[in-house]
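Visitor: Using only what follows, build the 3D model:
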Amino acid sequence: MEIKKFSTEYVSDVAEIEKSCFSNPWNDTVLEGELNNECSHIYVAVENGKAVGYAMLYIVCGEADIIRVAVLPEYRRQGIAEKLLLKSFEVNETNEVFLDVRESNAPAIKLYQSLGFVDTGVRKDYYSNPTENAILMKKEF
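Guide: Numbers count the residues shown, from 1 in each chain. Predicted coordinates:
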């Protein structure tokens, strides 16, 4: 497995990852738009020429936010999300990174905590499909 910078080669793979992981998936057009977004830093985990996971970090006005992290179900629990996040941290030029996560997503919360993220609050009813609170988290460097 390799961690690579996102490119047009992986747009359809990432769109498939979106469909299998999110209730409101981003489509090919949205993902292609991210290729031209200078604030967006995206890395894919590639196995046998196919993206099996990805992470997206935005850096805007000196603030870094993890926007998306997803791994195909059959590739989970292999350390892929952790490797993607660590690669994302390499391009971060700020002193902290923020994210939000569904409060029911215990595996993701556990991963984020293991990487040094701490809870900073809750956004009530932030997610839809189903409606759910977001746990806000922050990591300082």
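Visitor: Which stretches in the protein count as helices?
Guide: In the chain, the segments counted as helices under DSSP state H are 11-21, 28-34, 80-91, 106-114.
Visitor: does Ile135 really touch Val122, like I thought?
Guide: Yes: proximity of Ile135 to Val122 meets the contact threshold set by CB atoms under 8 Å, at 6.1 Å. Placement of C-beta: from N, CA and C, glycine included.
Visitor: who's more crowded, these two?
Guide: Using other CB atoms under 10 Å as the criterion, Ile135 and Val122 rank with Ile135 on top: 22 against 13.
Visitor: residues in contact with the most centrally placed residue in the chain?
Guide: The C-alpha lying nearest the average C-alpha coordinate of the chain belongs to Val69 (CA atoms, centre = their mean; 2.1 Å). The neighbours of Val69, taking CB atoms under 8 Å, 6 or more residues apart in numbering as the test, are Gly53, Tyr54, Ala55, Met56, Ala81, Leu84, Leu85, Ala108.
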